[in-house]
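> return a 3D structure for these sequence lines:
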Amino acid sequence: MAYPYNDPYRRVAAEISWSRFRGRERRDLELALQNRVTPFTQLSLSNEFVEFDGDAETQMVLVATHDLGKYEGVSFRLVRRNDDYNWNASYRLSGRRGTEMFLIVGDPNSRTFTNRLAFKIVTPLTLGF
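Numbers count the residues shown, from 1 in each chain. So this is what the prediction gives:
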């Protein structure tokens, strides 16, 4: 469920799912909130509760993004997973024929904060056959 369903800048959402994998049960509840507080700043908060095969885990993610201009922006992400915390910050330069470049402080995939500085380039490829 989401309201309003067609607004990517302001919405409240809830999702419930359950499944079975190799005879083990998985249940998932996610609550999310997004709000554009200024024309250039967006905040989002999500909280997910997962139970899989008797083990429970909670993850909360807070993200703040701010557009600096047409092609650049900064973001901050804080993740709480059970009792572990991680954060990362990034600078994004994009819009040049689809290529995006990021400078990232911290490791977005780590369970706790890791001292790391990364430069990432993402570019689209067109393959013709």
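
> pLDDT below threshold where in the protein?
For the chain, residues meeting the criterion pLDDT under 70 lie at 96.

> could you point out the longest strand in it?
Longest strand in the chain by number of residues, with DSSP state E as the criterion: strand 24-38.

> show me how far that strand is from its chain's centre.
11 Å (CA atoms, centre = their mean, to the nearest Å).

> tell me how far the helix or strand that it is followed by lies from the chain's centre.
Counting by DSSP states H and E, the next helix or strand C-terminal to strand 24-38 is strand 41-52. From the chain centre to the centre of strand 41-52 is a distance of 8 Å (CA atoms, centre = their mean).

> before we move on, what about stretch 90-105?
The answer for stretch 90-105 is 16 Å, by CA atoms, centre = their mean.

> residues of it that come out buried?
Neighbour-count burial for stretch 90-105 flags S90, R92, L93, I104 (criterion: 16 or more other CB atoms under 10 Å). All C-beta spots, glycine's among them, are computed from the backbone N, C-alpha and C.

> and stretch 106-123, by the same measure?
G106, D107, F113.

> what's the helix or strand for the closest residue to the first one other than its chain neighbours?
By the measure of CB to CB, 6 or more residues apart in numbering, the closest residue to G106 outside its immediate chain neighbours is N88, 3.2 Å from it. Using DSSP H and E, N88 sits within strand 84-96.

> strands paired with that strand, and their directions?
Strand pairing for strand 84-96, using DSSP bridges, gives strand 72-81 (antiparallel), strand 99-105 (antiparallel).

> nearest to T58, out of these?
Of all the strands paired with strand 84-96, it is strand 72-81 that lies closest to T58, at 7.4 Å by CB to CB.

> now that closest one, how far from the centre of its chain.
With CA atoms, centre = their mean as the basis, strand 72-81 stands 8 Å off its chain's centre.

> now stretch 35-50
Here stretch 35-50 is found 10 Å from its chain centre; the criterion is CA atoms, centre = their mean.

> where's T126, which helix or strand?
Here T126 is assigned to no helix or strand, by DSSP H and E.

> tell me, how many residues neighbour it?
Counted with other CB atoms under 10 Å, residues neighbouring T126 total 5.
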